[in-house]
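Chemist: All I have is the shape, not the residue letters:
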């Protein structure tokens with residue numbers, strides 16, 4: 001069985017980094033992915049999906065330091081569903097992407113299309129994996145008029 005997710009989108013808010021009691025670090029942020037098409041009247045329609053991204057340990061520290069709202073990001077991970085009881089005793093559910101690695105394709109303010117840095121929890125000793133400049137996922141031009149925020 002396979003549970004693998006690959007997303008490319010823009011970060012919706014700066015990561016919220018928390019240090020838990022067991023010395024684990026977790027960062028959470030949202031990622032917007034969009035698809036556009038023309039309807040039968042020839043009008044452009046854009047559908048935006050928002051994804052809740054969660055990163056752990058040293059990858060969470062890196063996310064907190066380098067990822068900002070608007071960053072174009074490539075994310076790989078797994079879909080996780082979880083539930084909890086809220087303060088009123090109601091059962092709540094959420095779907096999250098448990099990110100195992102990510103690649104910063106460009107900063108929001110970086111309009112030259114430069115390749116970014118790649119980070120992974122799978123890297124030896126959890127050290128950052130700086131990309132070598134080859135980036136198959138980087139767009140040749142960045143759209144600026146269709147951002148969902």
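Modeler: Noted; the coordinates are in hand. Keep in mind that what you see is a predicted model, and the values were worked out from it rather than measured. Numbering: from 1, shown residues only.
Chemist: Can you pull the poorly scored residue ranges out of this structure?
Modeler: 107-149 (pLDDT under 70).
Chemist: Name the residues of the longest strand along it that come out as buried.
Modeler: Assignment by DSSP state E gives strand 91-106 as the longest strand of the chain. Buried residues in strand 91-106, counting neighbours by 16 or more other Cβ atoms under 10 Å, are found at 96, 97, 98, 99, 100, 101, 102, 103, 104, 105, 106. Yep, even glycine has a C-beta here, placed from its N, CA and C like the rest.
Chemist: who are the neighbours in contact with the first one?
Modeler: Right, the one you point to is residue 96. 52, 53, 54, 79, 80, 81, 82 (Cβ atoms under 8 Å, 6 or more residues apart in numbering).
Chemist: quick one: which of those is nearest residue 5?
Modeler: Taking Cβ to Cβ as the measure, residue 5 lies nearest residue 79 of the contacts of residue 96, at 5.6 Å.
Chemist: And the contacts of stretch 25-33?
Modeler: The contact list for stretch 25-33 (Cβ under 8 Å, 6+ apart) reads 7-20, 48-61, 63-64, 67, 73, 75, 97, 148-149.
Chemist: among those, which are in helices?
Modeler: 57, 58, 59, 60, 61, 63, 64 (DSSP state H).
Chemist: For those, pick the one with the most neighbours.
Modeler: residue 63 (29 neighbours; other Cβ atoms under 10 Å).
Chemist: what's around residue 33, how many residues?
Modeler: Residue 33 - counted by other Cβ under 10 Å - has 15 other residues nearby.
Chemist: next one: residue 25
Modeler: By other Cβ under 10 Å, neighbour count at residue 25 equals 18.
Chemist: Show me what it bridges to in the sheet.
Modeler: Beta-bridge pairing of residue 25 under DSSP bridges involves residue 19.
Chemist: re earlier: select only the buried ones of the contacts of stretch 25-33 in ChimeraX?
Modeler: Entered in ChimeraX, the line below selects the buried ones among the contacts of stretch 25-33, by 16+ other Cβ under 10 Å:
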select :7,9,10,11,12,15,17,48,51,53,54,55,56,58,59,60,61,63,64,67,73,75,97
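Chemist: Helix, strand, or coil at residue 42?
Modeler: coil (DSSP: H, G, I helix; E, B strand; the rest coil).
Chemist: Give me the neighbour count for it.
Modeler: 6.
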